[in-house]
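Chemist: sequence below, structure please.
(one chain, ligands or ions: 2)
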Amino acid sequence: MVKICCIGAGYVGGPTMAVIALKCPSVEVAVVDISVPRINAWNSDQLPIYEPGLDAVVKQCRGKNLFFSTDVEKHVCEADIVFVSVNTPTKTRGLGAGKAADLTYWESAARMIADVSKSDKIVVEKSTVPVKTAEAIEKILTHNSKGIKFQILSNPEFLAEGTAIQDLFNPDRVLIGGRETPEGNKAVQALKDVYAHWVPEDRILTTNLWSAELSKLAANAFLAQRISSVNAMSALCEATGADVTQVSYAVGKDTRIGPKFLNASVGFGGSCFQKDILNLVYICECNGLPEVAEYWKQVIKINDYQKNRFVNRVVSSMFNTVSNKKIAILGFAFKKDTGDTRETPAIDVCKGLLGDKARLSIFDPQVTVDQIQRDLTMKKFDWDHPLHLQPTSPTIVKQVTCVWDAYEATKDAHGICILTEWDEFKNLDFKRIYDNMQKPAFVFDGRNIVNVDQLREIGFIVYSIGKPLDAWLKDMPAVA
Ligand SMILES: NC(=O)c1ccc[n+]([C@@H]2O[C@H](COP(=O)([O-])OP(=O)(O)OC[C@H]3O[C@@H](n4cnc5c(N)ncnc54)[C@H](O)[C@@H]3O)[C@@H](O)[C@H]2O)c1
Ligand SMILES: O=c1ccn([C@@H]2O[C@H](COP(=O)(O)OP(=O)(O)O[C@H]3O[C@H](CO)[C@@H](O)[C@H](O)[C@H]3O)[C@@H](O)[C@H]2O)c(=O)[nH]1
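Modeler: Numbers count the residues shown, from 1 in each chain. Ligands and ions are numbered 1, 2, ... in the order given. Below you'll find the predicted structure:
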């Protein structure tokens, strides 16, 4: 029986291994982590992450061929294939601070693998890493190997949160990069055999190591670039009376461009896009390509501009001050169908409004009060370290309350900011909400989910990203 061990029981390690276990009954899968609470949660009825469909998959395999454990060394020692899916945060200090990937956790995992191994192993990079990381990992493993042979593969993950199970069941592609040697090819084939249990052969792509590593960064950069492109257009739409939804529909009808990933928004969030682009920028700079670095940096600059622009719209519409005004924040997660708040645009928007002394009442169906308070007090990039190594929040932000109902959040509020596109927000009783708000009552839709005409008919002053402006907003300065 093939034994797989995955180091890192997070958003990637957990769902990916659960699906491998489900699709490959003949493979034994152990997911290990240094975080005891995380592993306890994986072994309980309350999984540590919210992901549609995940519960059912885990319940079907857990205790049969899927195990969650903190006994990292034992499971690594017994495995034939070791996936490494640990954090690769942005460095906060030293060389490359604010851009380069921090490979501390990866390196410590690699050293541990070398220390405990008693048989040959395939080591798979599942974390997103800088191109050429495999070379460094190879050096660590071979220098400490005591004669044991390791083959390194790059097998980046392309799942998106909220649709992780769907994406894993039916991936556009699985990418496997390996050394172009007989041993390398054999290792690639062994991993291919695992995925071939459910992924059609023509969707399993094999490349050299560096292409696989770089393809992951490139794919995320291209995706984020589409969002920044449409968000840049949204500013021009507001200035000209065009409607960004109509523009992106018309643009996306071109089969060379395609319709997906063209929704204007308050900005992209999530643990990957910003981190991976910063990493790409750093690699370009290190390779003497400042123009290429500058090109990709612009994707992040436009994203920051979009978040600032949104805050400025809110403040300038409300007589240029939100001081002591109650603003309801609907949605805090970085997208719908996840409780994940890493790099969510809601953090920057809330901080911007708090900077103007607003009082915030926040509701998100999947995010806890504790998480919101931590996010609003944590330093940039601190979120991407294992939980027990993150600083605990020194303070509570007093002007913030968190509630468990959209009607409660909006009661007596002056304005509403919709920051996550949860389906339930589309069906709210906006007449009831309007009746219970201060007047004039404002809605700022950062996700373009409300029916602008209906809301205006109720009496709201509505701002919706990239849509023709309400007469109220036309003369308000809102350039970031
Ligand atoms: N979240 C996503 O949607 C996604 C998608 C594709 C790729 N990725 C990449 O996958 C990697 C992991 O991301 P994630 O979202 O799963 O992160 P995560 O923080 O949810 O999980 C990482 C886990 O690794 C554990 N860990 C860290 N060092 C360890 C060690 N030495 N031994 C054992 N466990 C250790 C942590 O405790 C944590 O539970 C990152 O490189 C990320 O860029 C993430
Ligand atoms: O048209 C769009 C599409 C997305 N977003 C926003 O972009 C962010 C990222 O969304 P999405 O890509 O769906 O979620 P992630 O889980 O961050 O997934 C991305 O990052 C992962 C980690 O690397 C990759 O594996 C995935 O392929 C890649 O889509 C979210 O804030 C979305 O709201 C928009 O604003 N407009």
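
Chemist: for the closest residue to Gln454 other than its chain neighbours, phi and psi?
Modeler: Setting aside the residues directly before and after it, Gln454 is nearest to Phe430 in space (CB to CB, 6 or more residues apart in numbering), at 7.2 Å. Every residue, glycine included, has its C-beta placed from N, CA and C. The phi/psi pair for Phe430 (degrees, to the nearest 10) reads phi -70, psi -20.

Chemist: distance of Phe430 relative to Ser361?
Modeler: Per CB to CB, to the nearest Å, Phe430 is found 17 Å from Ser361.

Chemist: still on that earlier bit, distance of the residue nearest to Gln454 relative to ligand 1?
Modeler: Distance, Phe430 to ligand 1, by CB to the nearest ligand atom, to the nearest Å: 33 Å.

Chemist: same check on Ser26?
Modeler: Distance, Ser26 to ligand 1, by CB to the nearest ligand atom: 26 Å.

Chemist: where exactly do the helices run in the stretch 51-200 of the chain?
Modeler: 54-61, 72-78, 104-116, 133-143, 164-169, 182-195 (DSSP state H, counting those that start in this stretch).

Chemist: now those helices in a markdown table, with mean pLDDT?
Modeler: Formatted as a markdown table, the helices of the stretch 51-200 of the chain follow (pLDDT from 0 to 100):
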| stretch | mean pLDDT |
| --- | --- |
| helix 54-61 | 98 |
| helix 72-78 | 97 |
| helix 104-116 | 94 |
| helix 133-143 | 90 |
| helix 164-169 | 98 |
| helix 182-195 | 98 |
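
Chemist: Gly331: which of these is closest?
Modeler: Among the helices of the stretch 51-200 of the chain, helix 164-169 comes nearest to Gly331, with 19.4 Å by CB to CB.

Chemist: where does the protein have low pLDDT?
Modeler: Across the chain, the ranges flagged by pLDDT under 70 are 388, 390-395, 475-480.

Chemist: show me what from it comes close to ligand 1.
Modeler: Residues of the chain lying near ligand 1 by CB under 6 Å from any ligand atom: 7-13, 33-35, 38, 72, 85-88, 105, 108-109, 127-128, 157, 159, 161, 271-272, 386.

Chemist: now go through these and say which are in strands.
Modeler: Under the assignment DSSP state E, the residues of the chain next to ligand 1 contribute Ile7 to strands.

Chemist: can you say which of the residues of the chain next to ligand 1 are buried?
Modeler: By neighbour count, with 16 or more other CB atoms under 10 Å, the residues of the chain next to ligand 1 hold 7-13, 33-35, 38, 72, 85-88, 105, 109, 127-128, 157, 159, 161, 271-272, 386 as buried.

Chemist: mind listing the helices for the stretch 201-350 of the chain?
Modeler: 209-240, 244-252, 273-286, 290-317, 345-355.

Chemist: mean neighbour count and distance to ligand 2 added to these, as JSON lines?
Modeler: Shown next, in JSON lines, are the helices of the stretch 201-350 of the chain (neighbours: other CB atoms under 10 Å; distance: least, CB to the nearest ligand atom, whole Å):
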{"stretch": "helix 209-240", "mean neighbour count": "19", "distance to ligand 2": "5"}
{"stretch": "helix 244-252", "mean neighbour count": "17", "distance to ligand 2": "8"}
{"stretch": "helix 273-286", "mean neighbour count": "22", "distance to ligand 2": "6"}
{"stretch": "helix 290-317", "mean neighbour count": "19", "distance to ligand 2": "9"}
{"stretch": "helix 345-355", "mean neighbour count": "21", "distance to ligand 2": "7"}
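
Chemist: turn the ones you listed into CSV, including distance to Pro171.
Modeler: Shown next, in CSV, are those (distance: least, CB to CB, whole Å):
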stretch, distance to Pro171
helix 209-240, 12
helix 244-252, 22
helix 273-286, 18
helix 290-317, 24
helix 345-355, 27
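
Chemist: residues in contact with the closest residue in space to Asp384 that isn't next to it in sequence?
Modeler: Nearest residue to Asp384 in three dimensions, chain neighbours excluded: Pro89, at 3.4 Å (CB to CB, 6+ apart). Neighbouring residues of Pro89 by CB atoms under 8 Å, 6 or more residues apart in numbering: 101-102, 275, 381, 384-385.

Chemist: of those - the most surrounded one?
Modeler: When neighbours are counted by other CB atoms under 10 Å, Ala101 leads the contacts of Pro89 with 26 neighbours.

Chemist: quick check: Leu223 touching Phe273?
Modeler: Yes - Leu223 is within contact range of Phe273, at 7.1 Å (criterion: CB atoms under 8 Å).

Chemist: related to what we said a few turns ago, and the residues of the chain next to ligand 1 near ligand 2, which?
Modeler: Among these, ligand 2 is touched by 128, 157, 159, 161, 272 when using CB under 6 Å from any ligand atom.

Chemist: which residues touch the fourth one?
Modeler: Taking CB under 8 Å, 6+ apart as the definition of contact, the neighbours of Glu161 are 11, 51, 270, 334-335, 337-338, 340.

Chemist: out of those, who's nearest ligand 2?
Modeler: Nearest to ligand 2 among the contacts of Glu161, counting by CB to the nearest ligand atom, is Gly270 at 3.0 Å.

Chemist: skip the chain neighbours and tell me the closest residue to that closest one.
Modeler: Nearest non-adjacent residue to Gly270, counting by CB to CB, 6+ apart: Phe334, 4.7 Å away.

Chemist: circling back: and of the helices of the stretch 51-200 of the chain, who's closest to Asn231?
Modeler: So among those, helix 164-169 is nearest, using CB to CB, at 23.8 Å.

Chemist: circling back: how about the ones next to ligand 2 among the residues of the chain next to ligand 1 in a markdown table, adding distance to Met17?
Modeler: Below are these laid out as a markdown table (distance: CB to CB, whole Å):
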| residue | distance to Met17 |
| --- | --- |
| Thr128 | 17 |
| Glu157 | 11 |
| Leu159 | 12 |
| Glu161 | 16 |
| Cys272 | 19 |
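
Chemist: could you pull up the residues touching the closest residue to Ile283 other than its chain neighbours?
Modeler: Nearest residue to Ile283, sequence neighbours excluded (CB to CB, 6+ apart): Pro130, at 5.6 Å. By CB under 8 Å, 6+ apart, the contact list for Pro130 reads 100-101, 103, 213, 217, 279, 282-283.

Chemist: and if we set it to 10 Å?
Modeler: Going by CB atoms under 10 Å, 6 or more residues apart in numbering, Pro130 touches 88, 96, 100-101, 103, 136, 213-214, 217, 276, 279-280, 282-283, 286.

Chemist: which of these sits closest to ligand 1?
Modeler: Of all the contacts of Pro130, ligand 1 sits closest to Thr88, with 3.7 Å by CB to the nearest ligand atom.
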